[in-house]
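*Asks:* any chance you can model this:
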Amino acid sequence: GAPPPPSPSYGSRARMKREAREAHERRVESEALERRLRAVLARPPESRTPPDLALLAQHPARVARHARNARRRAEASARAEARADPPEVIAERVADVARLIRSLNGTPFVVHTGAGVSTAAGVPDFRGPEGVWTMRAKGVKVRVPSFETREPTLAHRAIAALHAAGFVSRVITQNVDGLHQRAGLPDAAVSELHGSVFRETCGVPGGPARAPRSPAGGGKEGEGERNERKKTHSGDSGEGVHAKNAAPALGCGAVFTRAFDVTAGKPHSGRHRHSTGRRCERCGARALRDAIVHFGERLDDATLAEATEAAVRAPLAIVLGTSLKVPPASTLPGKSGATVICNLQWTSKDTRAAVVARAECDDFARRLCDALGVAVPEAKPKREREEEEAPEEPPRFAPMTKAEKRRKKAAAPVPDPDAFLSAKPIEYK
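*Replies:* All right, here's what the predicted structure looks like:
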């Protein structure tokens with residue numbers, strides 16, 4: 001008998017297989033052609049044979065794409081390279097900036113600082129040749145030193161001197177090391193966009209807070225408190241991820257400035273990454289948290305508002321040691337009248353800047369202060385600075401500094417050996 005007729009879907013399956021096979025063959029041929037073109041283009045032009053030149057002539061579009069990609073890779077490599085201009089070029093750039101500042105007729109300007117300002121203090125940056133992210137891409141972990149042991153750099157002291165002389169109205173920084181304040185800048189003149197490792201708050205939004213036990217309730221919390229804690233732990237606020245930093249959790253909102261790094265010895269990821277585990281000295285709640293802003297978290301509204309207002313009012317913004325890649329900090333310099341950028345690497349704002357200097361922040365700041373006639377104070381010895389910064393009463397939970405230990409030892413009474421020998425023995429019953 002006659003064979004059975006093919007099913008209706010037999011032809012479509014066969015066509016799909018044939019098309020898939022043909023597409024695979026075309027892909028293999030294209031990849032082989034790409035390998036041949038790359039091998040030819042990798043050779044110097046003078047060593048290319050006539051068949052190589054004929055192959056390049058047959059595929060002008062592919063050759064143009066390879067040339068365009070090579071140019072882009074070279075540009076990206078040059079932008080990532082940290083280089084300094086010759087000293088004479090830096091001197092010209094500083095002279096241009098000094099003339100620009102004098103043309104302001106005494107109107108103060110703002111200074112934006114990034115990790116490059118603190119590299120001379122031993123704090124690693126992020127995108128430099130030995131930065132945290134650069135070395136992490138190579139599989140190398142960069143050790144971050146203790147922030148308590150870092151000293152202000154020449155750039156920090158120069159900025160403080162410019163502020164004292166009336167040239168600088170505000171410093172807007174992305175750093176969390178607190179070196180601007182150690183250099184002499186008042187807290188009111190610094191906007192720390194990403195927080196500080198020396199500050200913790202009570203009930204800063206974004207994580208759990210443990211309420212103090214109520215004596216009247218027998219040490220148990222009520223149903224409302226349990227529900228509030230569940231909301232705090234789960235982040236159920238109805239406004240998405242950023243809402244975790246939008247409304248205070250349990251706690252009184254007090255802010256404490258410590259003499260030690262409040263982030264040391266605690267987890268830096270997970271739900272409890274902000275909790276320091278200490279109890280508030282004002283309300284007693286175990287709700288103290290660091291003030292660090294992690295990636296994906298919302299900046300403090302008040303800090304960002306005051307920084308934006310200062311940037312809008314300023315006729316000039318000087319950017320030191322930042323690649324201007326992280327918003328919203330990267331957008332603030334553009335809100336001022338003119339921009340000056342000092343960074344060893346390329347930034348996306350270079351084409352819009354009035355002056356661009358490729359220089360170390362310390363070198364640029366020193367030259368600028370010399371051009372403006374501002375004296376930069378010498379770095380104080382660590383012991384002298386500890387004597388000045390040591391509070392009369394060390395804050396609770398803060399370890400005593402060496403200066404405080406010396407004062408305590410000097411104030412301690414000297415025991416009298418005669419009184420000890422003449423003391424009556426203790427009678428035990």
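*Asks:* beta partners for Thr201?
*Replies:* Counting by DSSP bridges, Thr201 forms beta bridges with Val255, Arg289.
*Asks:* can you get me a residue count around it?
*Replies:* Counted with other Cβ atoms under 10 Å, residues neighbouring Thr201 total 24. In short, each C-beta sits where N, CA and C put it, glycine included.
*Asks:* any idea how far it lies from Arg170?
*Replies:* Per Cβ to Cβ, to the nearest Å, Thr201 is found 22 Å from Arg170.
*Asks:* same question, Arg406
*Replies:* Relative to Arg170, and taking Cβ to Cβ, Arg406 is found at 36 Å.
*Asks:* okay, the two: which has more neighbours?
*Replies:* A direct count of neighbours by other Cβ under 10 Å for Arg406 and Arg170 places Arg170 higher, at 23 against 15.
*Asks:* so who does that one touch?
*Replies:* Counting by Cβ atoms under 8 Å, 6 or more residues apart in numbering, Arg170 touches Val110, Val111, Ala189, Val190, Ser191, Glu306, Ala307, Ala310, Ala314.
*Asks:* can you map out the strands along the stretch 51-200 of the chain?
*Replies:* Ranges of strands in the stretch 51-200 of the chain, per DSSP state E, counting those that start in this stretch, are 109-113, 168-173, 190-192, 199-202.
*Asks:* thinking again about what came up before, in ChimeraX, select just the buried ones from the contacts of Arg170.
*Replies:* A single ChimeraX command is used to select the members of those judged buried by 16 or more other Cβ atoms under 10 Å:
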select :110,111,189,190,191,307,310,314
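*Asks:* of the contacts of Arg170, closest to Ala329?
*Replies:* Closest approach between these and Ala329, by Cβ to Cβ: Ala307, at 8.3 Å.
*Asks:* in three-state terms, how would Lys319 be classified?
*Replies:* No Lys there; residue 319 is Val. strand (DSSP: H, G, I helix; E, B strand; the rest coil).
*Asks:* tally of neighbours for it?
*Replies:* Around Val319 there are 26 other residues, counting by other Cβ under 10 Å.
*Asks:* that one and Val340 touch, don't they?
*Replies:* Yes. Counting by Cβ atoms under 8 Å, Val319 touches Val340, with 6.7 Å between them.
*Asks:* joint contacts of these two?
*Replies:* In contact with both Val319 and Val340: Ala353, using Cβ under 8 Å, 6+ apart.
*Asks:* which of the helices and strands in this protein ranks last by mean pLDDT?
*Replies:* helix 223-234 (a mean of 38; mean pLDDT, DSSP states H and E).
*Asks:* distance between the top helix by length along the chain and the chain's centre?
*Replies:* Ranked by residue count, the top helix of the chain under DSSP state H comes out as helix 10-42. Relative to the centre of its chain, helix 10-42 is centred 47 Å away, using Cα atoms, centre = their mean, to the nearest Å.
*Asks:* show me where the stretch 301-429 of the chain has its helices.
*Replies:* Taking DSSP state H, counting those that start in this stretch as the criterion, the stretch 301-429 of the chain carries its helices at 301-313, 361-372, 382-389, 402-411, 417-422.
*Asks:* for the fourth one, what is the average pLDDT?
*Replies:* For helix 402-411, the mean pLDDT works out to 69.
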